[in-house]
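Asker: Here you go, sequence then predicted model.
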There are 2 protein chains.
Amino acid sequence: MASTINDVGRLAGVSRQTVSRALNDPDSLHPTTLKKVMRAIRMLDYHPNITARNLANRSVRSIGLFMPFTVEQMRHNLFFPVISTSICQHCAENDFMFQLFTAAPEEEGFSGLFKKLYYQKKVGGLILALPSIKTRDIVELIGSRIPFVLIGRPAFDLELVHYVDVDNVQASYMATRHLLDLGHRSVALLSASPSLTLSEDLLAGFRKAYEDKGIPTGKAYVAHTDLTFGSARWEMEKLLDLTDPPTAVVSADDLLALGAVRAAEERGMSVPGNLSIVCATHNGWGDIAHPKFTYIATGYEQLGHLASNHMISSILKQDMPALRQILPVRLVECSSTAKCN
Amino acid sequence: MASTINDVGRLAGVSRQTVSRALNDPDSLHPTTLKKVMRAIRMLDYHPNITARNLANRSVRSIGLFMPFTVEQMRHNLFFPVISTSICQHCAENDFMFQLFTAAPEEEGFSGLFKKLYYQKKVGGLILALPSIKTRDIVELIGSRIPFVLIGRPAFDLELVHYVDVDNVQASYMATRHLLDLGHRSVALLSASPSLTLSEDLLAGFRKAYEDKGIPTGKAYVAHTDLTFGSARWEMEKLLDLTDPPTAVVSADDLLALGAVRAAEERGMSVPGNLSIVCATHNGWGDIAHPKFTYIATGYEQLGHLASNHMISSILKQDMPALRQILPVRLVECSSTAKCN
DNA sequence: CGAATTCATGTGAACGTTCACATTTAGAGT
DNA sequence: ACTCTAAATGTGAACGTTCACATGAATTCG
């Protein structure tokens, strides 16, 4: 059906290897021959069979992104489109395929699944965007010599783990600090599930800000959400119903911030009049907020870019320097924060 | 390095074909042999090389989703996570790979790119979620016998085109009708770019609702946006500044509706007090709206599911009935609509 | 009990490339 | 013109599977 390298060779009156060279190393061919071959390629509308090429090369020009979420969980996930699109574009530029996996983990953890994908040559390497990952999985992945990059700092600091992340500790610190500097003394942290590294980081920055200012943490609240609008709203409601409610909120992301605003508005409060809010991270949700959220700018697009760049490089060459990068963040002041009155 | 089917055979004391059978047709083997082979597979931690298998089978167990958007355009796209996750899960269930493509079209249209992906055996078929597609591209795709499914009805009705879409005409009709039934006589349609099929559909439903009610369309406004919050807000502002502004809005999706609400609120208007809003389609954005939007429920998840199901089936078997499906929609009444006063 | 039949396994070739090496052709240099 | 080297092209084998067929063992039946 489809034409092969042999058909092209026959038509051009050369051997199959010459056709192969025309594709992979044109300079090694006599210009006249090259022209003949190219003409034959066009005439037959020949396209090299990547499967055969991969087999002969023992190479897999493909990277996978693994994000274990259900459709329901993805429904409000604006992190995903940014990350996957940025990886996808980077792959396209390097003639790599980009595969997506959203499967839930098997009961024995992720590594079985990853090993399978890699050993079956379905992917040459993996980018893992996991809410959390077990040490055992990591150790096993490293042991299997599977190339992988984590998006999100792992909870432990193994020498050989490659990862990129935004500086969540610093983000939380800057957010909290900003509020404390405005005179707030009772700040609430709207965090994620306590088991996540993200939550640990946010908490660390939160505490450090209080510490650096020498303010007692007696009225520093920490609430945990499942990163949905509904849970943020609910947690915020509980906080506002306290006898001594917080006057400001640091929220893990801007979807949570929207939940917090809703809770405040329902109680007749206004932002930033009665409640100040800073988003410790920022994705698309905040763009529709009113008033505009003061937030910590975290270049999520960068994450995908760095991860795929590292992944592709380390698939092509063996020797890549370790990727263990925490991206800097910066405060962007908008109008959801005000001095504490 | 990695073990092959031959290694397994040698260890188990059988031929390579027997190992192959153990994997692909276990019943054809003597139970004792099967057990021996399985043990060897486990001992060697053998994983079949999918690349080699695909080559031998002349099969490509992989489908691609093509969505030509930039990172910036994806930033607020909640349609994408739902679609891609639902396709992805369906692929996983059928042991298919799922590849993502976000590249912009070449100047001569999409079909060159698609042909390349298909003839190179990178994908066995494509799901295309394009804002719009040229007839020439479609014709060329069909001519090339590339299996593909469109998500979104194409502007023309070629017999051989496979597609799924939600019933945008009906959605728009129901939304408009609902508002007219509530007594509104001046409804605005916040649509997309006029060149899109989506916009045509919305307009058709919008007009038909007026027609069916026998209401003159003198005060029926149509505004075009680029499907962003900002443009919806801006268009809505212009509408509200008219001497005879609309009392209700049908918005193409709920992100636009949020933009409309913002414009209204800025003018001291309230929803649904002074302005009623219905979303003709619904994705995640509306979930944070206050008041909750009355909307037309469109099962976007279904779209991905139907498309991938059809794609996978038609890659595996030749003879698939045509997929030309328009999914029904239904009105969900919430609190963004009120009687016209 | 021998031939016919079924069941179980093995063998060569093929899928479409590229690699390593062999061979041919062309381009000098004296 | 004649070797010597460099450039250009061709050939067999390999990548790891599966397919089509061949072979051999076990079962059935008259």
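Answerer: Perfect, thanks for sending it.
Asker: measure A:D7 to DNA strand D for me?
Answerer: A:D7 sits 14 Å away from DNA strand D when distances are taken as CB to the nearest atom of the strand, to the nearest Å. C-beta here means a position set from N, CA and C on the backbone, and glycine is covered the same way.
Asker: Check which residues of the host helix or strand of that residue are buried.
Answerer: Assigned by DSSP states H and E, A:D7 belongs to helix A:5-12. Neighbour-count burial for helix A:5-12, counted by 16 or more other CB atoms under 10 Å in any protein chain shown, picks out A:I5, A:D7, A:V8, A:G9, A:R10, A:L11, A:A12.
Asker: same check, this time on stretch A:122-139
Answerer: By neighbour count on 16+ other CB under 10 Å, the buried set for stretch A:122-139 is A:122-131, A:133, A:137-138.
Asker: Nearest to chain B among the residues you listed?
Answerer: Chain B has its nearest neighbour among those in A:K122, at 5.5 Å by CB to the nearest CB.
Asker: Wait, that closest one touches B:I50, no?
Answerer: Yes. In this structure, A:K122 is within contact of B:I50 by CB atoms under 8 Å, at 5.5 Å.
Asker: Name the residues of stretch A:329-341 that are buried.
Answerer: By 16+ other CB under 10 Å, the buried positions in stretch A:329-341 come out as A:V329, A:C334, A:S336, A:T337, A:A338.
Asker: Residues contacting it, please?
Answerer: By CB atoms under 8 Å, 6 or more residues apart in numbering or on different chains, the residues outside stretch A:329-341 that reach it are A:166-167, A:170-171, A:174-175, A:178-179, A:182-185, A:247-248, A:257, A:271-273, A:276-278, A:282, A:289, A:291-298.
Asker: next helix or strand past the helix or strand of chain A with the lowest mean pLDDT?
Answerer: Of all helical and strand segments in chain A, the minimum by mean pLDDT, DSSP states H and E falls on helix A:135-143, at a mean of 88. Where DSSP H and E defines the elements, the next helix or strand beyond helix A:135-143 is strand A:148-151.
Asker: same for that next one, what does it pack against?
Answerer: Helices and strands touching strand A:148-151, as assessed by 3 or more CB pairs under 8 Å, 6 or more residues apart in numbering or on different chains; DSSP states H and E, comprise strand A:125-128, strand A:163-166, helix A:300-316.
Asker: need these in TSV with mean pLDDT and distance to chain B, can you?
Answerer: Listed next are the helices and strands packed on strand A:148-151 as TSV, based on pLDDT from 0 to 100; distance: least, CB to the nearest CB, whole Å:
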stretch	mean pLDDT	distance to chain B
strand A:125-128	96	12
strand A:163-166	95	16
helix A:300-316	93	6
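Asker: Is it possible to get TSV of these that adds distance to B:T33?
Answerer: Output for those, formatted as TSV (distance: least, CB to CB, whole Å):
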stretch	distance to B:T33
strand A:125-128	35
strand A:163-166	46
helix A:300-316	38
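Asker: Which stretch among these approaches DNA strand D most closely?
Answerer: The closest of those to DNA strand D is helix A:300-316. By CB to the nearest atom of the strand, the value is 16.9 Å.
Asker: Pull out the buried positions in whichever helix or strand comes after the closest one.
Answerer: Following helix A:300-316 in sequence order, the next helix or strand is strand A:324-327 (DSSP H and E). Neighbour-count burial for strand A:324-327 flags A:R324, A:Q325 (criterion: 16+ other CB under 10 Å).
Asker: Report the mean per-residue pLDDT for the helix or strand just after strand A:324-327.
Answerer: Counting by DSSP H and E, the next helix or strand C-terminal to strand A:324-327 is strand A:330-332. For strand A:330-332, the mean pLDDT works out to 96.
Asker: gap between strand A:330-332 and the chain center?
Answerer: Relative to the chain's own centre, strand A:330-332 is displaced by 20 Å; criterion: CA atoms, centre = their mean, to the nearest Å.
Asker: Partner strands of the host helix or strand of A:V250 and their direction?
Answerer: Secondary structure from DSSP H and E places A:V250 in strand A:248-251. Sheet pairing of strand A:248-251 (DSSP bridges) gives strand A:187-191 (parallel), strand A:276-279 (parallel).
Asker: Now the helix or strand following it: buried residues?
Answerer: Counting by DSSP H and E, the element after strand A:248-251 in chain order, helix or strand, is helix A:254-266. Within helix A:254-266, the residues that count as buried by 16+ other CB under 10 Å are A:D254, A:L255, A:L256, A:A257, A:L258, A:G259, A:A260, A:V261, A:R262, A:A263, A:A264.
Asker: and those near chain B, which?
Answerer: Restricting these to those within reach of chain B (CB under 8 Å from any CB of the partner chain) leaves A:L255, A:L258, A:G259, A:R262.
Asker: can I see the domain layout of chain A?
Answerer: Annotated domains of chain A cover A:5-48, A:62-165+A:301-327, A:168-298 [automatic domain parsing].
Asker: Let's have those domains in JSON lines, adding distance to DNA strand C.
Answerer: Shown next, in JSON lines, are the domains of chain A (distance: least, CB to the nearest atom of the strand, whole Å):
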{"stretch": "domain A:5-48", "distance to DNA strand C": "3"}
{"stretch": "domain A:62-165+A:301-327", "distance to DNA strand C": "12"}
{"stretch": "domain A:168-298", "distance to DNA strand C": "41"}
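Asker: Please work out which of those is packed deepest.
Answerer: Of all the domains of chain A, domain A:168-298 carries the top mean neighbour count, a mean of 21, counting by mean count of other CB atoms under 10 Å in any protein chain shown.
Asker: and that domain, how far apart are its ends?
Answerer: End-to-end distance for domain A:168-298, by CA to CA, to the nearest Å: 9 Å.
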